[in-house]
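Student: Fold the stuff below for me.
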Amino acid sequence: MLVNDSAATAAPSLYDTQSFTQEDINNGRVIYISKLGQQSDAFTVDVTNGITSVENIQVLLEIIPNMIPLQTRTLRYPARDEYVVSFFTWNEVDHGLISYHHDGSDTEFDSFTLIASASEIDRSSRPVTVNITIIPVDDDPPRVTVNTGLEVWPGETAEISQSVLSSEDRDTPAEDLKYSIEAPSNGRVALRSSPSNSIQSFSQAQINDGQVIFIQEGPLSGGFSFTVTDGTHTSGQVFNVTVRQLSIVMETKGELAVYPGTSKPITTQILKAVTNGVREEALSEEITYHVLRAPRLGRLVSANHTVVSSFTQAELETGAIWYQQELPKEAFWISQDSIDFLLSAPPASELEHTLKISISFLEQNPTGSSQLWKNTGLNILEGEGTTIDRSKLDASNFLASLPMPLSASNDIAFEVTKFPAHGRLSLVGQALQLNFPYFLQEHIDKRELEYLHDGSDTEADSFTFQVWLKPREQGLGRQSQKGIVIEEAFNISIKPVNYNPPELVSQNLVLEVLQGSINVLSQENLNTVDQDSLPNKIIFTITRGPTNGLLIDRDTNNVINRFTQADINSGQVAFVSDGSLSPGFMDFIISDGKHQTSSYTLNINVFSRNLTLIQAEEIHVKQGDTKTLITDNVLKVMVDSKKQQEVLYEITETPKYGTVVVDRLPVFQFSQREIDEGRVSYQFLNFTSHKDSFRFMVQSRAANVSGVLNFTVSPLVDLPEDPLWPRETTILVDTSILNASKLANRTESIPSYKITRQPRGARFLPFNSGKDENDTLHFFTQKDLEEGRIVLEIFSQTDVRDQIQNDTFQFILMAKGVPPALGSLSFRTAPYNSTVIYDAILIKVPSSGTGDLEPEGRNLPGVEDSSLASPDISQWGGTEDGSSKVHPTSRPVKAGTEKKQAIVSLENNILAIIIPICVIILLLIVVAILAYYLVRRNKTGKHDVQVISSKPKNGEVNQETFRKTDPAHSIPLSNMGLQVSKEGFQGNSGPPSGQLDPEILQYCRTTNPALKKNQYWV
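Tutor: Down below sits the predicted model:
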């Protein structure tokens, strides 16, 4: 019910009610409110006036919606150019007269809003949005939206991201946008997953995923041109790649302050360089300092005091580089030094930098030594005196602190603040007094200051002093005005006096010199200890001069025969060799003024400057022998045509495939003596190369020389010596040509051959092995040779005609457990001649008619062709069709356990037949002549010789065949008429079957008669 508030301005309010009056209805205060989407309703009321009532009155309600309900759905429509209507009726929609037409723009979505109106009932719907999905049509080319190029460091690998290269196409997804590029001019493009493989195409999706990278190589500027396509349309541009110049920048460049005579590290607070760019940290550690100009007043050394000429920034950061100051001869107070460096860190450009060095006595002294130029103290014998000179006390550096014009007008003044306790100081022969303890540097320079020990039993003494600069016009005394004052002590060491003679403590009285050189004698050669005397009091006197040179004073170059231990200590005595190689000696005695030693001898050995190395150019190691001895025939050192044993070989570059051993132990150095004793050898360890070498340096006491020793493995194979083979043929390569059976037996394996260089006029081919017999063969085994599977095809070489040509081929022979060996076989080739017997099995020879090759090879292993194995050959070598073929003659060639037949030509076979026939005919002629001679002899022989009746058995000869007969008992002979037949010698007449004539039988004896005196059988 609608209820008005008492206030006129208050808005009416609604509340639910179960009763109302007719007046409320008349005033329009009773309102029915329907639910959303409800179309009808009803309620029941009871009406009463207080007296009478009417009950169960049903009121029916038909609900007319305030908004007309309207349902829509998303439209999908192909894009095309049309126009849009602004209103339409439901009847037009129902009849399909209303449609949506796209305007052709590159959009994927569209929408419009509808309101349905029913004017008859004055109702309308709420606004409803109709969504439209546009199906794109590929009608636009891809558009490159980002192409900024790339900026990289030299050699850098950079990602080509979508921030530097990106393309868009509204109707094409990123994975379908394909880039095609030309080869970059200053690098290459690759995928991150495979940076070693260059690519020529990629997609926008790969760029978005960070998979495309650019690797800079070559010039500093360039890039690549590219096209991007969606499959239909293409766009192209150029992608520029610029290489940034890497440079070195000095981050800190301070000045190094050093106290004179000391060393100080060069830290990064003084010297530090960095590189620009993203790789600063990595490249800064790689910056190298190269010394262009070394310091004048010192040295640049490492932590172990080794002079360096280059170092890195990393070494500076670890404190490994030091500046070592060296005092010059002239005194100074403050001095300047510098070092010029060239800094490099490829690929950055180089940079020059100068490190300034300040050297000052005002700096902190890390060693606590004197601030004066010299304050070394004094060594003196007990009870003796000596001069304090400039070499022991010198303050001239203090004077150098003044500018040059002022230094000439100032003196260096000393004041003794504490006198010596066990001696006295004297100036120009007068003792210094407590009331005037002053002296000048000028007095010291003139050797006018002396110290005299009092002879007490003490070992040390000292005095303290102050030193300052004073103008020359000022007097020396207490009234002197002092500026900068340095106070120090002068220490004196006292040696007690004893009466022992000098003692020569040198361990070995031997001087070793080079031929024709000048050698300084040192304490190592001559060193004497004497508790009584100073070195300048110990005198060496030469009693017999050197036999192979001279002793000289280095200052005067005069020959001397007398010197002191102090001269030896200061390097004043030198020996000059006369150039000969003969050893020498000199005799001398030692004296301290009171005592004198017995005579000593200093031996002088001379070493030649010429060291000659004699070595073999190459050592051949037999294959199968992994260890070979290095003898003096291979390696030795000669000095003046005499072998030198006292030399040492140091290996400077070790072998790659083996090692050098002495007594079975690997070494890096060995001596000539060990070589002569047969203890040095080389041993292969890595069986992958047929040669090896090592470099060495030979060092002796006088000289050194370097060399290289080469080792080459020789193949263990039997080869023919310079064989002659016919051209335009194919020969069988068997074990008569290449035979490594010894290597096979030694290694218990099958050796293999690798042809490294084919012959110029021939080539290796497979034969009956199942392979293509026209393919050149580069690898085969010993088993292939034994089974007859390898042949050599020799070319015709028509350009050389009938000349004999030399040819060769190289091979590597390999077997298990031994190094490979490089070998070669040289052979000769000549035109084919059918009358020549060649030392090889010919598989094919040229035909006599056409020049084509005829197949050969009878009784060869692996030949199964019956036409080749058993040809139909006539007695004289002809075939059924009359053509000429070659028949093999037998030549034994061992291949495994089989016997092979050598092949020769037809003419050779004819000769082999004719020669035996001729020999047989000649033998028959000789036999006929011999028979004729015997027959003639029997006919004209002596009649006093009787033939014995019994015949020797099987050619056996009796000792007594003939005997003498008495002339009275002569036996008449008849002509037998012998002739030669198959059964032997028979007569022309007489009984058949070899029966003798009865008249003859009566003269024949059946037994041998007894011999008479002077008778014997012959």
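Student: C-alpha only now, for contacts and for neighbours.
Tutor: Will do.
Student: Run through the bridge partners of Ser577.
Tutor: Gly549 (DSSP bridges).
Student: For the stretch 751-900 of the chain, which residues score under the pLDDT cut-off?
Tutor: The stretch 751-900 of the chain contains residues with pLDDT under 70 at 769-770, 848-900.
Student: one more time with 50
Tutor: Scanning the stretch 751-900 of the chain with the threshold set as pLDDT under 50 gives 849-900.
Student: can you pull out the helices in it?
Tutor: Assigned by DSSP state H, counting those that start in this stretch, the helices in the stretch 751-900 of the chain fall at 782-786, 866-869.
Student: One more: the stretch 351-500 of the chain?
Tutor: Assigned by DSSP H, counting those that start in this stretch, the stretch 351-500 of the chain shows helices spanning 396-399, 404-407, 441-445.
Student: Output those helices in JSON lines; the columns should cover distance to Thr597 and mean neighbour count.
Tutor: Below are these laid out as JSON lines (distance: least, CA to CA, whole Å; neighbours: other CA atoms under 10 Å):
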{"stretch": "helix 396-399", "distance to Thr597": "43", "mean neighbour count": "21"}
{"stretch": "helix 404-407", "distance to Thr597": "52", "mean neighbour count": "12"}
{"stretch": "helix 441-445", "distance to Thr597": "37", "mean neighbour count": "18"}
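Student: any idea which of those helices scores lowest on pLDDT?
Tutor: Comparing these by mean pLDDT, the weakest confidence falls on helix 404-407, with a mean of 79.
Student: Output that helix in CSV, but only the C-alpha positions, please.
Tutor: Taking Å, rounded to 0.1, in the frame of the first residue of the first chain, the C-alpha atoms of helix 404-407 are listed here in CSV:
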residue,chain,number,x,y,z
MET,A,404,120.8,23.0,-7.6
PRO,A,405,121.8,26.7,-7.1
LEU,A,406,121.5,26.4,-3.3
SER,A,407,123.3,23.1,-2.9
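Student: and the most centrally placed residue in the chain, what does it touch?
Tutor: In the chain, the residue lying closest to the centroid (CA atoms, centre = their mean) is Lys656, at 9.9 Å. Contact analysis of Lys656 by CA atoms under 8 Å, 6 or more residues apart in numbering lists 692-694.
Student: Go through those and flag which are in helices.
Tutor: Judged by DSSP state H, the contacts of Lys656 include no members of helices.
Student: re earlier: want to throw the helices of the stretch 351-500 of the chain into TSV with distance to Ser225?
Tutor: Below are the helices of the stretch 351-500 of the chain laid out as TSV (distance: least, CA to CA, whole Å):
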stretch	distance to Ser225
helix 396-399	73
helix 404-407	72
helix 441-445	84
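Student: nearest to Leu665, of those helices?
Tutor: Nearest of the helices of the stretch 351-500 of the chain to Leu665, taken as CA to CA: helix 396-399 at 60.8 Å.
Student: packing partners for that closest one?
Tutor: On a contact count with 3 or more CA pairs under 8 Å, 6 or more residues apart in numbering; DSSP states H and E, helix 396-399 meets strand 410-418, strand 460-471.
Student: So for the longest helix seen in the chain, mean pLDDT?
Tutor: As assigned by DSSP H, the longest helix anywhere in the chain is helix 906-940. For helix 906-940, mean pLDDT is 81.
Student: next one: stretch 344-360
Tutor: 89.
Student: wait, Tyr323 sits on Thr267?
Tutor: No: counting by CA atoms under 8 Å, Tyr323 stays clear of Thr267, with 10.6 Å between them.
Student: Of these two, which one has the most company?
Tutor: Remark: of Tyr323 and Thr267, Tyr323 carries more neighbours, 24 against 19, as counted by other CA atoms under 10 Å.
Student: Enumerate the beta-bridge partners assigned to that one.
Tutor: Bridge pairing for Tyr323 - DSSP bridges - gives Lys264, Leu300.
Student: do you know how far Pro43 is from Val59?
Tutor: No Pro there; residue 43 is Phe. For Phe43, the distance to Val59 equals 5 Å [CA to CA, to the nearest Å].
Student: same deal with Glu650?
Tutor: For Glu650, the distance to Val59 - CA to CA - is 129 Å.
Student: Comparing those two, which shows the higher neighbour count?
Tutor: Neighbour comparison, Glu650 and Val59: the larger count goes to Glu650, with 18 against 10 (by other CA under 10 Å).
Student: List the contacts of that one.
Tutor: So Glu650 contacts 668-670, 696-699 (CA under 8 Å, 6+ apart).
Student: Repeat the analysis, applying 6 Å as the threshold.
Tutor: With contact set as CA atoms under 6 Å, 6 or more residues apart in numbering, Glu650 has these partners: 669, 696-697.
Student: swap in Gly624?
Tutor: Shown in contact with Gly624 (CA under 6 Å, 6+ apart): Val818.
Student: now with 8 Å?
Tutor: For Gly624, counting by CA under 8 Å, 6+ apart, the contacting residues are 716, 743, 746-747, 818-819.
Student: element containing it?
Tutor: Gly624 belongs to no helix or strand when assigned by DSSP states H and E.
Student: Give me the distance between it and Gln211.
Tutor: Applying CA to CA to Gly624 and Gln211 gives a distance of 55 Å.
Student: helices or strands up against the longest helix of the chain?
Tutor: Packed next to helix 906-940, using 3+ CA pairs under 8 Å, 6+ apart, is no helix or strand.
Student: nearest spatial neighbour of Ala840, skipping sequence neighbours?
Tutor: The shortest distance from Ala840 to any residue other than its chain neighbours is 6.4 Å, reached at Ile731 (CA to CA, 6 or more residues apart in numbering).
Student: you'd agree that neighbour is up against Gly788?
Tutor: No: between Ile731 and Gly788 there is no contact under CA under 8 Å: 10.5 Å.
Student: Look at these two and report which has more neighbours.
Tutor: Legend: neighbour count by other CA under 10 Å for Ile731 and Gly788, higher for Ile731 (25 against 22).
Student: Any regions of the stretch 151-300 of the chain where pLDDT drops low?
Tutor: Within the stretch 151-300 of the chain, the ranges that satisfy pLDDT under 50 run 279-282.
Student: mind listing the helices for it?
Tutor: Under DSSP H, counting those that start in this stretch, the stretch 151-300 of the chain gives helices at 204-208, 280-284.
Student: Who does the nearest residue to Val733 once chain neighbours are set aside form a beta bridge with?
Tutor: The spatially closest residue to Val733, leaving aside those adjacent along the chain, is Val791, at 5.0 Å (CA to CA, 6+ apart). Listed by DSSP bridges, the beta-bridge partners for Val791 are Leu732, Leu765.
Student: any idea which element the residue nearest to Leu509 when sequence neighbours are not counted lies in?
Tutor: Sequence neighbours aside, Leu602 is the residue nearest to Leu509 in space, at 5.0 Å (criterion: CA to CA, 6+ apart). For Leu602, the host element (DSSP H and E) is strand 600-607.
Student: Name the residues of that strand that come out as buried.
Tutor: By neighbour count with 16 or more other CA atoms under 10 Å, strand 600-607 contains the buried residues 602-607.
Student: again, but for stretch 373-387
Tutor: Buried residues in stretch 373-387 (16+ other CA under 10 Å): 373-383, 385, 387.
Student: just stretch 124-138 next, same as before
Tutor: Buried residues in stretch 124-138, defined by neighbour count with 16+ other CA under 10 Å: 124-125, 131-134, 136, 138.
Student: With stretch 720-732 instead?
Tutor: By 16+ other CA under 10 Å, the buried positions in stretch 720-732 come out as 724-732.
Student: for stretch 753-761, same thing?
Tutor: Neighbour counts over stretch 753-761 (16+ other CA under 10 Å) mark 753-755, 758-759, 761 as buried.
Student: With distance to Glu448 as extra columns, can I get these in JSON lines?
Tutor: Shown next, in JSON lines, are these (distance: CA to CA, whole Å):
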{"residue": "Tyr753", "distance to Glu448": "94"}
{"residue": "Lys754", "distance to Glu448": "93"}
{"residue": "Ile755", "distance to Glu448": "94"}
{"residue": "Gln758", "distance to Glu448": "95"}
{"residue": "Pro759", "distance to Glu448": "96"}
{"residue": "Gly761", "distance to Glu448": "100"}
